[in-house]
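Asker: The following block contains a protein sequence and its predicted model.
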Amino acid sequence: MGVVHGQEMVLNIGPQHPATHGVLRLQVKTDGEVISEITPYLGYLHRCFEKHCENVSYEQVIPFTDRCDYLASMTMNFGYVVAMEQLMDIKVNDRVQYIRVIMAELQRIASHLLATGVFGLDLGAFTPFLHMLRDRERIIDLFEMTCGARLLYNYMWVGGLSHDLPKGFVEETLRFLDYFEPKVDEFENLLGHNKIFVERTADIGIMPAEVAINYGVTGPNLRASGIKWDLRKDDPYSVYDRLDFDVPIGLGIKGTVGDSWDRFYVRLQEMRQSINIVRQAIDKLPKDGDVHQSMPKKIRPPKGSIYSRTESPRGDLGYYIESDGSDTPYRLKMRSPAFTALGVLNEIAGGWLMSDVLAILGSLDIVLGEIDR
Amino acid sequence: MSEDKQKLINDAVEKALAGDADAVNNIEDRVTRAKAKAALVKAQREQPKKEDSNDDASKPDEKEPPVSNNTVQKVSASLAAKFPKSLDGEQNSDWIQLKPENWFEIAKWLKDNPDFYFDSLQCNTGFDLGEGLLESRYNFHSMKHLHCVEIRIRVSAEKPDIPSVESLWRVADWFERETYDMFGINFTGHSDLRRILLPEDWEGWPLRKDYEEQETYHGIVVPKVKEGWE
Amino acid sequence: MTVDYIFDFLTSLLDGLIGSDYLLLVAMLIPCLAIFGFITVYALVVIYAELKVSSFIQDKVGPMGQGVGLHAGKWGLLQPVADALKLLLKEDIIPSSADKPLFILAPFMIFIGAFISFVAIPFGDSIIVADLNIGIFYILGVGSIAVLSLILAGWASNNKWSLYGGMRSAAQIVSYEIPAGLSLIVVIMLAGTLNMQDIIKYQAGGIFNWIIFDNPFMPVAFVVYFISAIAETNRTPFDLPESESELVAGFATEYSGMRYAFFFLSEYANMFVVSAVAAAGFLGGWHSPIVGIMDSSAWGVFWMINKTGFLIFVMIWLRWTLPRLRVDQLMNVCWKVFLPLALINIFGVAIWTVVFNS
């Protein structure tokens, strides 16, 4: 069959665009509607995070990490705090550990709600987005009850937490979980099994497993390609080794393994697992313990370096910290999972139509604040 | 700037260099404190770096559970056997220091060797050691054997050339662009080495310790003295 | 027919004073002004309805005020008026590299296309501006003017995104007119006439005389027609030409203020036209469903507006529930599913009529 080639058109998606999850410019070369190449241009949100961290003290870095991935601030704090505690060899008590796990898992649910809602919104399904936001509001209310902030928490400090759980938090959380658990099924039916949604996402943007590993993709994107890799299970930190949960992987139910529908489905399943984890953590939460117990007066880690990874809702969050013995970091690098996820876009989105590219971008779940730092 | 303030800053910097960091941190006025910190950094750069003898016994922690001295030592030993000339100086038990010359062959061997099989490049950090030395640090991880290793390559700032490993791990494409952007390390053999986070026509390598911001950018003055910013 | 009544009335009033040509002109203008007024009021109502219905579906509150009274109280009834005022007062920006005459012409053309279909819509027993012999055919025909104007809008904006939107919408509307027209052929076959009022008179006698219940092929024809009509008016799930998340606003990206308002006014007007045709052709027009209850001529307008309004509500409901289809899937559905269905319908209805002689 002969193929007609017209002249290639170069188009810019963004930087101001309703569907690019932040300030991102994608330069696409298209032939009619078929895309031949995508080049992302980054740096619109670069705020010199790493250079700042070299001039402020270790405690003052934590609000900066909040602002990198502003949709999952708790897990950003968590990653940094785990790295620092390994560097300084601080052991925190169990109450702090369990509270941290509860907060991180609630944050994971909130982040996945937003990710799947925005994915639906990009495809034109306006309603599930608003329903998911309504449920996310309840999680944010829980956070506000604890530390007073809705989006950028500055909650986890080196050696402890900023505030203990308030009275009534546990009951509110359990009430929320009971309300929320049937909603995940509702979302699955409303959006996941909707025929139009399936047609728009199944078999689109297939990411084979080798490509994913080679491109450094981690998190739900990697799990959707069939690889069972979760840092909470394979490289446990904090108290995750005492909790019992499943790691969902993409099975190619509606199409091929590793397509956009699988990425959406893995996130849904992870929400269910997070509900499970929060319930267990609340069960095992020790009643007493001081959250400020192990906080050092002055954070001055010994000379040395560390690279530590934790699991954020977008993938492997890595912190490389080098300290020279003073109270400001000598070098702090944040390895952000969305950076590598955006890097794989050109590989998996070549040859699809324009509408598919936006569907694939939505399924990768990127946050520009984390990519540009 | 008044005489008193300058004297206050000088005193604080002296005390900080002697080891009392709180002298600078406790200055009340925000602007003066900032100036004192800047002066401290400048003074530290000019002095030879002092060894900090705070925590005598605690060594820097291991990276994470899968990494053990065993992995680093095993890899180090194999490298010494196969590429003897590329080990650079004294080896450490936590990382491997290499010379930049044969880096591509070593990387290929590390990736394909069935004992190690490092198929995932986790992170690539640039580093400024001061005194005109730059480093590029790689953290590798194997999905099959679940072990990690860190490799450091040191180059001088005048000729910062390191072979690129972009064709082996495609993630290195953007990681190396970022290291180039921030430090100026030139990765030879990279298909498209240009700035990624900063605009294409920015001058200078920001994360180096001796970085001075340029005067103007496209006619906009880049402020160096941030007085009076509220 | 309305024009006739008004002409007769005016002639009896002013006989001899002014020439009958002028009286005819006036008699034609008055209903047009009435239609214009109706469209304006209808647009306000449907915008409000869309906001409220979408709020209920999406668990929001929708337009609401803070004070007392219906307009500023809990119902926020003045919201669409505020919207209209805002659009009127906005700055009129024409991009310097746009093709000025075509850019200005496009919104006018699309509004003309929607407006002149209104003259053949039957609102009641004798309330129709022009009782054309070719009523349905005329409506389908002038509805295609919208295609021209969408292409003009996309091209004249000198913007790659608008061009995409214009091309997509042209392909979509032209393709979906075919199943729509073919589905209406079965109606014409049964009624035996193209005249709108005669088609409605054919369905007299209560709900089971409506064409949709006539034979088993009719509901299928109704569904095919309705979905094709949604595609023709560029509503979700077929709103790719104006898809918000992809092409910003598609062909209307460069338009601002009242010109933008014209595009969306004509979209709502088109919705009314296709729903009215569906109500007239399939659901009995201005007849009441039960003989004897509220079926005098005066109630005709009530029934017509209700049936049309229900179909518009279904369109709004679909918009907020379903995601949108991709361009090639859209075309797939049209050419590979609807067109064969519509053709099978025609044959089926023909054979049924011959066999059962109904």
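Answerer: That came in fine, so what should we check first?
Asker: what about C:Asp15, how many neighbours?
Answerer: C:Asp15 has 10 neighbouring residues, counting by other C-beta atoms under 10 Å in any protein chain shown. In short, each C-beta sits where N, CA and C put it, glycine included.
Asker: thinking A:Val92 is in contact with A:Glu85, fair?
Answerer: Yes: look at A:Val92 against A:Glu85 with C-beta atoms under 8 Å: they come within range, at 6.8 Å.
Asker: Pull up the overlap in contacts between the two.
Answerer: A:Gly159 (C-beta atoms under 8 Å, 6 or more residues apart in numbering or on different chains).
Asker: Quick one: the strands in chain B, in order.
Answerer: For chain B, applying DSSP state E gives strands covering B:96-98, B:120-130, B:133-141, B:148-156, B:161-163, B:186-188, B:216-217, B:220-221.
Asker: Of the ones you listed, which is nearest A:Tyr215?
Answerer: Closest approach to A:Tyr215 among the strands of chain B (C-beta to C-beta): strand B:120-130, 9.7 Å.
Asker: Let me know the pLDDT of A:Asn189.
Answerer: Predicted confidence (pLDDT) for A:Asn189: 88.
Asker: One more: C:Ser54?
Answerer: Note on C:Ser54: pLDDT of 87.
Asker: Next: the one 4 residues further on.
Answerer: For C:Gln58, the model assigns a pLDDT of 85.
Asker: Would you quantify the distance from A:Ser355 to chain B?
Answerer: Taking C-beta to the nearest C-beta, to the nearest Å as the measure, A:Ser355 falls 26 Å from chain B.
Asker: picking up where we left off before, need the strands of chain B in JSON lines with mean neighbour count, distance to B:Trp205 and mean pLDDT, can you?
Answerer: Output for the strands of chain B, formatted as JSON lines (neighbours: other C-beta atoms under 10 Å in any protein chain shown; distance: least, C-beta to C-beta, whole Å; pLDDT from 0 to 100):
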{"stretch": "strand B:96-98", "mean neighbour count": "22", "distance to B:Trp205": "22", "mean pLDDT": "83"}
{"stretch": "strand B:120-130", "mean neighbour count": "23", "distance to B:Trp205": "9", "mean pLDDT": "86"}
{"stretch": "strand B:133-141", "mean neighbour count": "22", "distance to B:Trp205": "9", "mean pLDDT": "88"}
{"stretch": "strand B:148-156", "mean neighbour count": "20", "distance to B:Trp205": "13", "mean pLDDT": "87"}
{"stretch": "strand B:161-163", "mean neighbour count": "19", "distance to B:Trp205": "15", "mean pLDDT": "88"}
{"stretch": "strand B:186-188", "mean neighbour count": "17", "distance to B:Trp205": "11", "mean pLDDT": "88"}
{"stretch": "strand B:216-217", "mean neighbour count": "11", "distance to B:Trp205": "15", "mean pLDDT": "80"}
{"stretch": "strand B:220-221", "mean neighbour count": "8", "distance to B:Trp205": "20", "mean pLDDT": "80"}
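Asker: Neighbours of C:Ala34, how many?
Answerer: Counted with other C-beta under 10 Å, residues neighbouring C:Ala34 total 14.
Asker: That one belongs to a helix?
Answerer: Yes: under DSSP: H, G, I helix; E, B strand; the rest coil, C:Ala34 falls within a helix.
Asker: hmm, back to that, of all the strands of chain B, which one comes closest to chain A?
Answerer: Comparing the strands of chain B by their distance to chain A (C-beta to the nearest C-beta), the top pick is strand B:120-130, with 4.2 Å.
Asker: Can you give me the distance of A:Thr218 to chain B?
Answerer: A:Thr218 sits 9 Å away from chain B, going by C-beta to the nearest C-beta.
Asker: ok, that residue - how many residues close by?
Answerer: Residues near A:Thr218, counting by other C-beta under 10 Å: 28.
Asker: Do I have it right that it meets A:Pro337?
Answerer: Yes: between A:Thr218 and A:Pro337 there is a contact under C-beta under 8 Å: 5.4 Å.
Asker: and for those two, which residues touch both?
Answerer: Applying C-beta under 8 Å, 6+ apart, one finds that A:Thr218 and A:Pro337 are jointly contacted by A:315-316.
Asker: separation between A:Tyr179 and C:Gln58?
Answerer: As for A:Tyr179, its distance to C:Gln58 is 18 Å (criterion: C-beta to C-beta, to the nearest Å).
Asker: Over to B:Phe183?
Answerer: Distance, B:Phe183 to C:Gln58, using C-beta to C-beta: 49 Å.
Asker: if we look at the sheet, which residues does the residue most central in space within chain B bridge to?
Answerer: In chain B, the C-alpha nearest the mean C-alpha coordinate belongs to B:Phe127, at 1.3 Å (C-alpha atoms, centre = their mean). Beta bridges link B:Phe127 to B:Glu135 when assigned by DSSP bridges.
Asker: That one: what's it in contact with?
Answerer: Each residue near B:Phe127 by C-beta under 8 Å, 6+ apart is listed here: A:322, A:331, B:134-137, B:152, B:183.
Asker: Not counting its neighbours along the chain, what's nearest the residue of chain A found nearest chain C?
Answerer: Distances between chain A and chain C by C-beta to the nearest C-beta are smallest at A:Gly124, namely 3.3 Å. Nearest non-adjacent residue to A:Gly124, counting by C-beta to C-beta, 6 or more residues apart in numbering or on different chains: C:Arg324, 3.3 Å away.
Asker: The one you found and A:Leu123 touch, don't they?
Answerer: Yes: C:Arg324 lies in contact with A:Leu123 (C-beta under 8 Å); the separation is 6.5 Å.
Asker: Pick out whichever of the two has more residues nearby.
Answerer: It is A:Leu123, of C:Arg324 and A:Leu123, that has more neighbours when counted by other C-beta under 10 Å, with 31 against 26.
Asker: ok, now which ones touch the nearest residue to the more buried one once chain neighbours are set aside?
Answerer: Setting aside the residues directly before and after it, A:Leu123 is nearest to C:Pro323 in space (C-beta to C-beta, 6+ apart), at 4.3 Å. Residues in contact with C:Pro323 (C-beta under 8 Å, 6+ apart) are A:120, A:123-125, A:191, A:194, A:196-197, A:200, C:236-237.
Asker: So which bits of the stretch 251-358 of chain C are right by chain A?
Answerer: Within the stretch 251-358 of chain C, the positions adjacent to chain A are C:320-329 by C-beta under 8 Å from any C-beta of the partner chain.
Asker: how about those in CSV, adding pLDDT and secondary structure?
Answerer: Converted to CSV, those look like this (pLDDT from 0 to 100; DSSP: H, G, I helix; E, B strand; the rest coil):
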residue, pLDDT, secondary structure
C:Trp320, 87, helix
C:Thr321, 85, helix
C:Leu322, 85, coil
C:Pro323, 84, coil
C:Arg324, 83, coil
C:Leu325, 83, coil
C:Arg326, 81, coil
C:Val327, 79, helix
C:Asp328, 81, helix
C:Gln329, 84, helix
